[in-house]
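J.: Generate coordinates for the sequence data below:
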Amino acid sequence: MASSRGALLAVTAAAAASVVLVGCGGSGTEHGNGPETSRAASSPSPTPSPTRSYPLSTTPRTIPAVREHTPAHGPGWKPGKDSGVVLAKGSGKLADEGKLLAGELKIDYRGEVAARAGDVELALTPKASGGPESYTLRTADGRVKISGPGEAGVFYGTRTLKQSVRADGSMPEGEVRDRPDKPQRGLNLDIARKHYTASWIEDRMHEMADLKLNQLGLHFSDDQAFRIESDTHPEVVSPDHLTKKQVRHIVALAGRLHIQVVPEIDSPGHLGAVLRAHPDLQLHNVSGVASTGSLDISEPGAAKLVDELLGEYAELFGGAYWHLGGDEYRALMASNPAASYPQLQRAAVAKYGSGAGISDLATGWLNDRAKVVRKRDMRPKAWNDGQFRDSKVRADKDIEVEYWTGKEYGARSPEEYLSEGRKVLNLNDEFMYYVLGQPNAFVYPTGKRIYEQWTPLVLRGTTPVPARYSDQILGGRFAVWGDFPNAQTAEQVAAGIRMPLRATAQKLWVPGKPKLSYAKFQSLAKEIDAG
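T.: Below is the predicted model:
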C-alpha cells in the first residue's frame, strides 16, 4: 500500500505560511494519504527575496503518509556529490541509522562531525516531546536535519527522507513532525507450516522497516513442523529449519531496523511436531483416540517439556514479547469436554477444586507459561480464543489479547475483553489473514479492502468497536499462515502481501480516512518501489 500526494500550492509573495496536517479529518489540498487541514501560522512569512522565488513546497510523498508538514519556500534537498550523512554532537548511537541511510542514498557517511551544505544531520533530542517513535525532519538552506527523542523516531525520519527521494528525487522544503497512531504495527509469519529462508525473512524485515512497521511475529512450532534448531530438545526439530546462528542474525537485524521479534510456541494445542518425538505426552480421549496436536496437560512431564523450550528460546530471542498461543485446544472443542477427556477433568478438580473444569485447567496452563516468560522480562501474549468467558480461573490481566476470530470455541466478542480492561492487538481474520490455499472460506485479503474498510477498531467482522476503547487497542499485525504451504511459492507470498502490508502500515500510522484514493495509493507505491 502506498500513498501518493499531489497538488502544488501556489502562493503570492506575501502569502501567510500555512501548516498542513495529515491525519484527523478536515479539508485541504491533496498532499497526503491521510486527511489534511490547514491553519494559518501565528505570523506571516517574510516576503521572498528575488533569489527565493520558489513556490510553497508540497508534503513529501511517503508510505505511510506523514502526519504533519509545514510547507516553506525553497528548493528542498536532493543528494549531491558532496552530500553526506553526519551525526550531531552526542548522537553517536545513531551510527547504524546514519550508515544505512548513506548507503541507500549513495552519499558519504562522515560520523559525528559538523554538518555542512548539502548534508543530512541526525540528532538525538531526549527532551523533545512526542514519544520515542516521533521525529522532526527540517529541510532548509540546502540541508536536512532529522531529530527525535529516541533512536526509533530518528530512524523513521530517515525512512521518510528515503521514500521522498525515491518518489520525487528530493525532499521538499519545510518541516515534518510525525508520529505513529498505534505502538504495535507489524507482520506475523507462520514459518512452521511453510519454511522460509533466513534471507527471505530478512527481505521482509527491510520492507517492514521502510513502512515504519515495528513488530515481526514468528510462529515457528505447529503440528506440521518445528523450525528452529534446539539444544535442549533436538529431537523435535524438523529437517528444514533455521539455525540458531541465522536466528541471531535475524534478531540483530531486527534491532538495527527497530523491529521487535515476537516468537511463538503455541501450546497446549498446535504441538504436533513436538509430540511426534514425545508420544507419551499426546492427548487421547476416553476411547483412546489421539487429539491432533494436543498436549495432555494432566501429565507431569508436559509442563517440563514446554517450559524447557520456552526457556531456551526466550534466551535466544530476548526482546520484549513472547506469544504463548493458547488457541484451538482440541479438548475444549469437544461437545462434552469432561466426558471426552476425564483425565483432564480430574486434574482440573484436583488443582482448582470442586466446580472447576477443563477450561480452568487450560487457563491455569496459560498463566503458568506466562510466569515462565515473565521471569525473563518478556511480556506475554495469547490468542483471544484461549481466554474463556466462564472459567473459574481467569487469564492474567497482563497477557495481551491477540484478537483474530469470533468463530472458535471460547471466542468472545472484542468488547468483552476490552470491557475487562484488557489490552488488545488486532489480527482480524476477515481482513488480516493471508491463508495459503484459502481453506475454510478464507480469501486472500487485498490492500484495497484494508485501505478502504479496515481500521484498528474493526476487530471482528466489519463492525468497529466503540471509539472509547481506542487506547486499549495496541495496533495490529498482518498475518501469513501456511495451511497449504505449496499453494504459493515464497516469491508469490511476497508479491501477494505487498499491497496489504502497505495498507496496514498506512492505517496504523495515520488515524482517519486516507485522503488519497486507493488507485493513487497504488500508484505511489509503484513510484517508491521503482525509485
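
J.: pLDDT score assigned to D471?
T.: pLDDT, D471: 98.

J.: My error: substitute G406 in the last question.
T.: On the pLDDT scale, G406 gets 88.

J.: can you check G410 too?
T.: Looking at G410, its pLDDT stands at 76.

J.: from what I can see it touches F388, true?
T.: Yes: at 4.8 Å, G410 and F388 qualify as touching, with contact defined as C-beta atoms under 8 Å. In this view, the C-beta of every residue, glycine as well, is placed from N, C-alpha and C.

J.: quick one: common contacting residues for those two?
T.: Shared contacts of G410 and F388 (C-beta atoms under 8 Å, 6 or more residues apart in numbering): S359.

J.: what ranges of the stretch 301-450 of the chain fall below the confidence cut-off?
T.: Across the stretch 301-450 of the chain, nothing is flagged by pLDDT under 70.

J.: Centre-most residue in this protein?
T.: In the chain, the centroid-proximal residue (C-alpha atoms, centre = their mean) is G186; its distance is 1.4 Å.

J.: Leaving out the residues flanking it, which one is nearest to that residue?
T.: Among residues not flanking G186 along the chain, Q215 sits closest, at 3.1 Å (C-beta to C-beta, 6 or more residues apart in numbering).

J.: For the one you found, the count of nearby residues, please.
T.: With neighbours defined by other C-beta atoms under 10 Å, the count for Q215 comes to 24.

J.: What score does it have for pLDDT?
T.: According to the prediction, Q215 has pLDDT 98.

J.: For the nearest residue in space to L242 that is not next to it in sequence, which residues are in contact?
T.: In space, L242 comes closest to I228 once its chain neighbours are excluded; the distance is 5.1 Å by C-beta to C-beta, 6+ apart. Applying C-beta under 8 Å, 6+ apart, we find I228 in contact with 220, 237, 241-242, 244, 247, 313, 316.

J.: wait, which of these is closest to A356?
T.: Set against A356, the nearest of the contacts of I228 by C-beta to C-beta is Y313 (30.6 Å).

J.: all strands of the stretch 201-350 of the chain, in order?
T.: Taking DSSP state E, counting those that start in this stretch as the test, the strands found in the stretch 201-350 of the chain are 215-221, 260-267, 282-284, 290-295, 321-325.

J.: Who does the shortest one pair with, and is each partner parallel or antiparallel?
T.: The reference is to strand 282-284. Using DSSP bridges, strand 282-284 pairs in its sheet with strand 290-295 (antiparallel).

J.: and the angle from the strand it pairs with to strand 260-267?
T.: 140 degrees (axes from the mean of the first three to the mean of the last three C-alpha atoms, to 10 degrees).

J.: Show me what the helix or strand where L474 lies is in contact with.
T.: Per DSSP states H and E, L474 falls inside strand 473-481. Taking contacts as C-beta under 8 Å, 6+ apart, the residues outside strand 473-481 that touch it are 182-190, 193, 215, 217, 400, 402, 404, 418, 423-428, 432-436, 445, 450, 456-457, 459, 465, 493, 497, 500-501, 504, 507-508.

J.: Using neighbour counts, trim the residues you listed to the buried set.
T.: With burial judged by 16 or more other C-beta atoms under 10 Å, the buried subset of the contacts of strand 473-481 is 182, 184-190, 193, 215, 217, 400, 402, 404, 418, 423-428, 432-436, 445, 450, 456-457, 459, 465, 493, 497, 500-501, 504, 507-508.

J.: P55 and K520, how far apart?
T.: With distances taken as C-beta to C-beta, to the nearest Å, P55 is found 21 Å from K520.

J.: the more surrounded of the two?
T.: Higher neighbour count among P55 and K520: K520, with 19 against 14, using other C-beta under 10 Å.

J.: Would you report the backbone torsion angles of that one?
T.: Main-chain torsions, K520, degrees, to the nearest 10: phi -70, psi -30.

J.: How about the one 4 residues further on?
T.: Backbone dihedrals for L524, given as degrees, to the nearest 10, come out at phi -60, psi -40.

J.: Begin at 380, not 1, for the rest of this chat.
T.: Renumbered: residue one is now 380, and that last one reads L903.

J.: Read off the pLDDT value for it.
T.: L903 carries a pLDDT score of 98 in this model.

J.: Relative to A631, how far out is G861?
T.: Taking C-beta to C-beta as the measure, G861 falls 25 Å from A631.

J.: what about these two, which has more around it?
T.: More neighbours surround G861 than the other of G861 and A631, with 25 against 10 (other C-beta under 10 Å).

J.: Surely the more buried one touches R572?
T.: Yes: counting by C-beta under 8 Å, G861 does reach R572; the two are 3.4 Å apart.

J.: Give the intersection of the neighbour lists for these two.
T.: Counting by C-beta under 8 Å, 6+ apart, the common neighbours of G861 and R572 are Q603.

J.: What values do phi and psi take at L435?
T.: The phi/psi pair for L435 (degrees, to the nearest 10) is phi -60, psi 140.

J.: And it, what's its pLDDT?
T.: The confidence metric pLDDT takes the value 96 at L435.

J.: my guess is it contacts A451, does it?
T.: Yes: here L435 reaches A451: they are 7.1 Å apart, a contact under C-beta under 8 Å.

J.: can you give me the helices in the stretch 780-910 of the chain?
T.: Secondary structure of the stretch 780-910 of the chain (DSSP state H, counting those that start in this stretch): helices at 793-798, 826-832, 869-875, 877-888, 897-909.

J.: Relative to A577, which of those helices is closest?
T.: helix 869-875 (11.8 Å).

J.: For K771, see how far away G734 is.
T.: Applying C-beta to C-beta, the value for G734 to K771 is 6 Å.
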